[in-house]
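Participant: just to be clear, the model below is a prediction. Sequence and coordinates:
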Amino acid sequence: MDPIFGIHESAMLVRARRMDLLARNLANADTPGFKARDMDFTQELDRLASGTSRLTTTHERHLRSPRGASADDQLKYRVPHQPSQDGNTVETDLEQARFAENAVAYQTTILFLNGRIGTLRTAITGGR
C-alpha cells in the first residue's frame, strides 16, 4: 500500500502512538513522581519510513535489540516550566494543547486518506 498512501500510513501510526502518550500524561497529571514523556514526530516518522533502528550491530556476536525496543528509545522526558512539589512533570494546560494539536493533525491525515480512497474508488468504478 506504500505507493498508494505514501507516508500517510506511517504518519497515522506515529500520530496514534503520540496520542496514547499524551493521554497517558494527562491521565497521570495528579500522580506524584510521574514524569511526562513525548516523542519528536519528525524523528519518529523518519525512523519508520527508513525502516532502520538506532541500534545497530557491528559484530555478529553483538546482541540484537528486541522488536519495537527502538521506538521506546525515541521517547523523551519533558522538562516542566514550573516544577511541582511532588515531582510530577505534567503541565495539564500544555498537555491538553499538545493533545488537541495532535488530534487535528491526525484528523487531517484521515481526511487526506479518505480523499485518496475516494479517488481510487472513482478510478476503479469509472465514476459510477
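Facilitator: Everything's here; your move. Numbering: from 1, shown residues only.

Participant: ramachandran angles for residue 80?
Facilitator: phi -70, psi 150 (degrees, to the nearest 10).

Participant: now the closest residue to it other than its chain neighbours, what's its secondary structure?
Facilitator: Leaving aside its chain neighbours, residue 80 sits nearest to residue 89 (4.5 Å; criterion: Cβ to Cβ, 6 or more residues apart in numbering). Every C-beta, even on glycine, is put in place using the N, C-alpha and C of the backbone. Following DSSP: H, G, I helix; E, B strand; the rest coil, residue 89 is assigned to coil.

Participant: next, work out how far apart residue 89 and residue 20 are.
Facilitator: 18 Å (Cβ to Cβ, to the nearest Å).

Participant: and these two? which has more neighbours close in?
Facilitator: residue 89 (19 against 10; other Cβ atoms under 10 Å).

Participant: returning to that earlier point: distance check, the residue nearest to residue 80 against residue 75.
Facilitator: Separation of residue 89 from residue 75 (Cβ to Cβ): 13 Å.

Participant: where do the helices sit along the protein?
Facilitator: Here the chain has its helices, by DSSP state H, at 2-5, 8-27, 41-50, 69-73, 92-125.

Participant: residue nearest the middle of this structure, spatially speaking?
Facilitator: The chain has residue 14 as the residue nearest its centroid, 3.0 Å off, counting by Cα atoms, centre = their mean.

Participant: so what's that residue up against?
Facilitator: 39, 41, 44-45, 48 (Cβ atoms under 8 Å, 6 or more residues apart in numbering).
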